[in-house]
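[1] the following block contains a protein sequence and its predicted model.
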Amino acid sequence: MKLRHPFAALAAAALAVAALTGCQSNVGTAAHVDDESISASAVDDRLVSLSKDQLANAGQDASTITIIGRNLVTTWLVRKAIFERVWEQRGGLPAQEKIDKAHDRAVQLLFNSSSVPTGADGDAAVGTALTGTGVESDFAPTMIRAAALETVLLDDASATSEADLAPLVADAGISVRVNPRYGTWDAATLTLGATSLPSYVIDSSKSPTAPTAAS
């Protein structure tokens, strides 16, 4: 079982890593949402190494899985921060009881399916899917909370789709800046696109060999 959003687009995005076009900025920071910083360590500490069998099952190599994992974690940390700010501007975060009631729908949103486990089994399903993308299963609660905040916001705003939330975020004037190592923020879809740094910058083991001096 695969997470729908943003996983479905990440493999293609990761394989479309563009050439380096400028100097890297915000070293040590993955993203900023207004004045909140999301550190690089907050993202990278969530990544786990996959075995050869797991990589084969995912159909990706280790470098690509790292890019996918970073995109996924950064996307959902940013989305969580964004939805919290939108709610604050609407008078405050929903009551925890309301967020808890949205749990199962949040899991359905993550998998884009109503035929998914509920309750604690839903948590486990998200954790298992995350592990398959090179992200530790303990990131599941953060991802589910972000999706729950989104789900309740959809209801509160009488929105019918995720596309209806982008104008709410724009109207809130929320500023999102992402380190190019982690991707490019798409305000229309509230997700990250492809990273804009070559693989040898993302993965130091891929560092290019220095040219040999002419004899």
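    Structure's in. What do you need?
[2] CA only for contacts and neighbour counts going forward, please
    Noted.
[3] ok so A30 is a strand residue?
    Yes. A30 forms part of a strand when assessed by DSSP: H, G, I helix; E, B strand; the rest coil.
[4] report the contact partners of A170.
    A170 makes contacts with A187, as judged by C-alpha atoms under 8 Å, 6 or more residues apart in numbering.
[5] make 472 the first number, not 1, from now on.
    Sure, I'll start numbering at 472, so the last one becomes A641.
[6] quick check: next helix or strand after the helix or strand containing it?
    A641 belongs to helix 636-642 when elements are defined using DSSP states H and E. Counting by DSSP H and E, the next helix or strand C-terminal to helix 636-642 is strand 647-649.
[7] strand partners of that next one, parallel vs antiparallel please.
    strand 500-504 (antiparallel) (DSSP bridges).
[8] I'd like the next helix or strand past the partner strand.
    strand 507-510.
[9] can you mark which positions in the helix holding A641 are buried?
    636-637, 640 (16 or more other C-alpha atoms under 10 Å).
[10] out of these, who's nearest R616?
    L636 (16.5 Å; C-alpha to C-alpha).
[11] please look at the closest one and L625 and confirm they touch.
    Yes. Assessed by C-alpha atoms under 8 Å, L636 is found in contact with L625 at 7.3 Å.
[12] dump the residue contacts of the nearest residue to S510 once chain neighbours are set aside.
    Take S510 and drop its neighbours on the chain: the residue closest to it by C-alpha to C-alpha, 6 or more residues apart in numbering is T500, 4.2 Å away. T500 is in contact with 508-512, 650, counting by C-alpha under 8 Å, 6+ apart.
[13] and T500, how far from S585?
    36 Å (C-alpha to C-alpha, to the nearest Å).
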